[in-house]
Structures are given as structure tokens and as C-alpha cells.
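1. need coordinates for the following:
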Amino acid sequence: MSGSCCPLTLSSDFIGVATKSDLLKGERLFSEQGLREVPVRALVLVDPGETPHLEVQAVPDPVPGPGQVVLRVLACGLCHHDVLVMRGTLRRGVKPQVVLGHEIAGEVVAAGPGVADIRIGDRVATLQTNACGHCDRCQTGRHHRCRVGTGIGHTVDGGLAEYVAVSAHSVAPVPHGMAPEEACLLGCPIGVALKGVRDAARVRAGETALVTGATGGLGVHAVQVAAAIGARVFAVTTSAEKLERLEALPGVEQAILHGDVDFAELARAMTEDEGVDAVVDTVGSPLFRSCLASLAQYGRLVLLGEVGGERVPLSLAELVFRDALIMGSSGADREHILEAARLASEGKVRPVVFRKLALDQVVEGYHLLRERRAFGRLVVMGL
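-> I've put the predicted structure just below:
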């Protein structure tokens with residue numbers, strides 16, 4: 001969905017706001033299927049930078065191709081990936097004039113040829129990738145790494161729009177009655193956390209698990225997933241202002257403020273100097289040495305995020321003599337959305353929404369995330 005720019009008045013945050021008459025110049029949306037005959041609005045990243053230039057534009061109607069569905073977007077989360085693209089740090093593979101947003105909850109309003117088992121009116125959440133459904137990876141449930149997949153809100157336009165076309169293989173049903181602002185978090189971050197904690201880190205009941213960045217959108221859900229599995233959870237934050245809220249989060253055995261005292265020392269002290277069984281790191285290079293130092297013998301360190309972009313020192317001898325495992329984990333697959341939905345329905349994982357934003361408040365959300373002021377996820381609604 002890329003459209004030409006409407007006449008705009010730039011705000012102080014460089015978000016353009018089109019007038020109603022501008023938007024009425026857009027194309028009709030699926031009039032043959034009985035949908036509203038008004039143009040589609042989307043938030044287009046015109047120019048990335050320290051203060052990104054975004055514009056609300058009237059864009060062409062999304063048309064479902066073979067194996068695709070069109071969703072009326074009900075809510076779309078903002079995550080650090082969006083920040084990296086808006087800032088211009090992440091450019092590889094990003095579509096020019098992209099519409100961001102991969103954490104989508106929506107209602108199916110149209111389906112293309114070959115779509116089965118999805119009905120008009122179904123409410124669904126999306127993966128981060130448009131999956132083909134046919135390659136060896138999709139056939140073995142690894143939809144996020146589909147061999148021909150396209151990144152939603154990255155390679156192709158995403159959910160910061162009123163309507164979006166996505167692969168029918170990349171959606172999963174959401175529980176009846178679940179609020180859209182919660183449903184949009186089932187894939188990313190909850191499904192991502194589930195895949196990282198349960199599948200990659202192999203956290204089991206009775207083990208000790210340490211989660212870094214525990215007040216962020218990914219970390220706050222990784223903490224809950226580990227607790228739902230039955231692990232003892234140590235939650236690390238660098239924000240003293242968020243410590244009290246972190247301590248109140250269900251499942252946190254110990255909230256740790258990383259600062260004057262290295263959290264690795266505290267983790268070892270709380271485990272009789274053994275270290276923890278698993279570290280789930282959502283921060284990356286800034287905390288890598290402390291994460292590795294926190295591990296027990298046979299410990300597993302799983303990297304779910306990288307905010308620093310720096311190289312890290314690694315002692316191979318330390319890795320060998322710890323018998324340690326270090327690996328990365330990204331994205332979520334369809335089964336993770338379904339399991340995340342079950343955990344949320346049973347109250348074992350609570351989607352944490354810090355603030356709901358309108359489409360023209362996304363730059364405000366960008367600054368909240370960059371300055372790490374959010375506790376949990378930001379969600380764009382009223383699309």
C-alpha cells in the first residue's frame with residue numbers, strides 16, 4: 001500500500017495530517033463486497049531519522065491475492081523493530097515509504113482465491129511474516145522463517161493502516177471477547193516470548209530463569225511465560241522508576257535493579273553461587289557479559305533482542321568450561337499464537353498495554369520507546 005502524499009500540515013512531531021477532503025479523493029474499498037466506499041488511511045514512513053517524518057495518507061485499497069486475506073485493523077502494537085526502522089538504524093530490506101506495524105489484530109473482510117477455513121468476520125492476530133504455507137519450513141511449523149516470506153511492516157506494508165492484506169497462513173484466531181489491544185500482542189511479543197523461553201531456552205518447572213529488559217514489551221511477557229511454566233523468575237531492569245511495578249507483576253520472585261551492583265552477582269547470590277539455569281536476554285550487547293556470568297553449569301543463554309548494535313567479547317574457554325549454550329531466537333509461529341491465546345484466556349499471561357495511541361500519535365510512541373519510558377507495550381487503535 002503506497003500512495004502519493006496528500007496536501008499536509010506538518011505538526012511539531014513531523015506527522016502530517018490530511019484533511020477530510022484530501023482523504024475523500026482515495027479509491028473505494030471493496031465496494032463489490034459491501035464494504036465502505038471511502039479511502040484507506042495509513043501512516044507512511046516518508047523519511048527515517050532521529051525524528052522520523054511520518055504522514056497520514058490516503059492509499060490504494062489492499063486487494064487480496066491468492067492465499068491472502070484483507071483485515072480491518074482493530075489494533076496494532078509498536079515494538080523496538082518499528083523504532084529501529086523509524087530511526088533509520090534498520091534499513092536492509094525495508095520497503096520505501098513503508099507502512100509499519102506487524103503486531104496486528106483485525107477482522108477478516110475479504111479473502112483471495114485458495115483461502116479455506118477462514119470466514120469473513122473472523123477475528124485474528126498475525127505473525128510477523130507473510131508465509132507461503134508450502135515450503136519445507138512452513139510445512140514443519142516454522143512459518144516465521146518461510147523461505148519466500150515477506151516481513152509485514154518491513155518488506156511489505158503493515159498494520160498502521162485501516163486495512164491490510166496478509167497471508168492466510170500468517171493469521172490465527174483470537175479468543176472470543178478478547179480486547180483488540182490485547183489480541184494484537186499474541187504473536188509479538190507474547191508468542192515471541194513463548195518461543196524464546198519454552199522452545200529455545202527450554203525453561204522447565206522448578207528451574208531458575210533470569211529475564212533482562214523485564215519492563216519492556218517483550219521482557220514483561222517473557223517473565224510471565226517463564227512463571228507460567230513454573231520457573232523461579234528473576235526479573236532485571238535498569239529503571240528504578242519501574243521497579244515497584246515490576247515487583248507487582250505475577251510470577252516475579254525477585255526484581256533486580258541493574259546499576260551499581262552487577263545483576264550477575266545478585267543472581268549468583270540468590271542461587272547459592274550456582275547461577276541460573278537460563279537467561280532470556282531481550283537487551284543484547286549492553287548486558288551480554290553479565291548474562292553469561294549469570295549462567296550455571298549447563299546454563300542456556302537465549303538472545304531475543306539487540307538494542308546496542310555493538311560487538312561483544314566472548315571467552316571461548318568460559319563457554320566450554322560452563323558447558324553453556326548460547327543461541328538466538330526470533331519471531332513466533334502460528335502454534336505460538338494459539339498457545340499464547342490459551343495462556344491469556346486462562347489468566348496465566350496477561351497482555352500488558354502501557355498506553356493506547358491514535359494513528360497521529362505514533363511519533364510520541366516512538367519517543368516513549370526510545371527513552372524506555374513504557375512499561376509493556378504501546379498499541380495504536382482507532383485506525
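2. use CA for all of it now, contacts and neighbours both
-> Noted.
3. and the next helix or strand past the one helix or strand L54 maps to?
-> Taking DSSP states H and E as the definition, L54 sits inside strand 53-59. With elements assigned by DSSP H and E, the helix or strand that comes after strand 53-59 is strand 68-78.
4. export only the CA atoms of that following strand, formatted as CSV.
-> This file holds the C-alpha atoms of strand 68-78, laid out as CSV (Å, rounded to 0.1, in the frame of the first residue of the first chain):
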residue,chain,number,x,y,z
GLN,A,68,-4.4,-13.8,1.2
VAL,A,69,-7.0,-12.1,3.4
VAL,A,70,-7.7,-8.5,4.0
LEU,A,71,-8.1,-7.4,7.6
ARG,A,72,-9.8,-4.4,9.0
VAL,A,73,-7.2,-3.4,11.5
LEU,A,74,-8.6,-3.1,15.1
ALA,A,75,-5.3,-2.6,16.9
CYS,A,76,-1.5,-2.7,16.1
GLY,A,77,1.3,-2.8,18.6
LEU,A,78,4.5,-0.8,18.4
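5. what packs against the strand holding L54?
-> Secondary-structure packing of strand 53-59 (3 or more CA pairs under 8 Å, 6 or more residues apart in numbering; DSSP states H and E): strand 15-17, helix 20-23, strand 40-47.
6. what's the neighbour count on the closest residue to G159 other than its chain neighbours?
-> Distances taken as CA to CA, 6 or more residues apart in numbering put G101 closest to G159, at 4.6 Å, once the chain neighbours are dropped. Neighbourhood size, G101 [other CA atoms under 10 Å]: 25.
7. do the same with E241
-> 10.
8. likewise for the one 3 residues further on?
-> Taking other CA under 10 Å as the criterion, the count of residues near E244 is 10.
9. what's the answer for H336, then?
-> With other CA under 10 Å as criterion, H336 counts 23.
10. before we move on, what SS does it have?
-> Three-state assignment for H336 (DSSP: H, G, I helix; E, B strand; the rest coil): helix.
11. OK, contacts around it?
-> G187, G191, V192, L194, K195 (CA atoms under 8 Å, 6 or more residues apart in numbering).
12. where's it relative to A317, distance?
-> Taking CA to CA, to the nearest Å as the measure, H336 falls 35 Å from A317.
13. repeat that for G77.
-> 41 Å.
14. same question for P250.
-> 38 Å.
15. same drill for the two, tell me which one is more crowded.
-> Each of P250 and A317 has its neighbours counted (other CA under 10 Å); P250 has more, 14 against 9.
16. burial measure for the residue nearest to the more buried one when sequence neighbours are not counted, as a count.
-> The spatial neighbour of P250 that comes closest, neighbours along the chain excluded (CA to CA, 6+ apart), is Q224 at 6.9 Å. Using other CA under 10 Å, the number of residues around Q224 comes to 26.
17. L43 versus Q224, what's the distance?
-> 32 Å.
18. what about V223, helix or strand, and which?
-> helix 219-229.
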